[in-house]
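> Everything below, folded, please.
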Amino acid sequence: MAEGAPLLREYTLKAYRGFESLSLRHYNMSNKTLFEKIIEREIPSEIIHEDDKTIVIKDINPQAPIHWLVIPKTPIPKISDCSNDEVFSDLFNTVNKVCKDNKIENFRIVINNGSEAGQEVFHIHIHILSGRKLNWPPG
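Numbering: from 1, shown residues only. Modelled structure (predicted):
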């Protein structure tokens with residue numbers, strides 16, 4: 001990274017494949033997000049589904065027997081940063097497709113927007129949780 005490049009964000013992803021803590025920094029838009037690296041096969045992940053606009057992977061820290069992440073291939077940091085209805089449509093259509101294809105009828109979807117809401121990777125993604133009774137209220 002060029003010296004003096006402004007730091008846009010820094011976050012820590014805990015328990016990533018043997019690392020106790022992996023500090024990820026994002027400078028300008030030249031460094032890739034963790035999800036971009038997964039999409040480009042620079043980092044391995046268990047892929048559930050992939051098409052030209054989205055990818056669905058297993059979460060590395062599952063909170064339910066089924067815990068998948070639906071990720072757009074377009075890197076947008078937060079849901080509040082997205083004004084493209086097509087991205088929303090692609091994400092929710094993918095949720096429906098993978099749940100139907102895998103015969104999942106009962107599920108919860110979660111989108112965290114910002115670090116105080118629990119967002120750790122600043123690339124929009126939807127959590128699909130299923131496989132057990134999910135209580136309310138969450139977290």
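
> residue ranges for the strands of this protein, please.
Secondary structure of the chain (DSSP state E): strands at 7-16, 19-27, 47-50, 54-58, 66-72, 108-110, 126-130.

> What strands flank the shortest one, and is each parallel or antiparallel?
Here strand 108-110 has these sheet partners by DSSP bridges: strand 126-130 (antiparallel).

> Kindly calculate the angle that the partner strand makes with strand 54-58.
For strand 126-130 against strand 54-58, the angle by axes from the mean of the first three to the mean of the last three C-alpha atoms, to 10 degrees is 40 degrees.

> Report the inter-axis angle for strand 126-130 versus strand 66-72.
Using the same axes, to 10 degrees: strand 126-130 against strand 66-72 is 160 degrees.

> Could you list the low-pLDDT ranges of this structure?
Scanning the chain for pLDDT under 70 picks out the ranges 1-30, 139.
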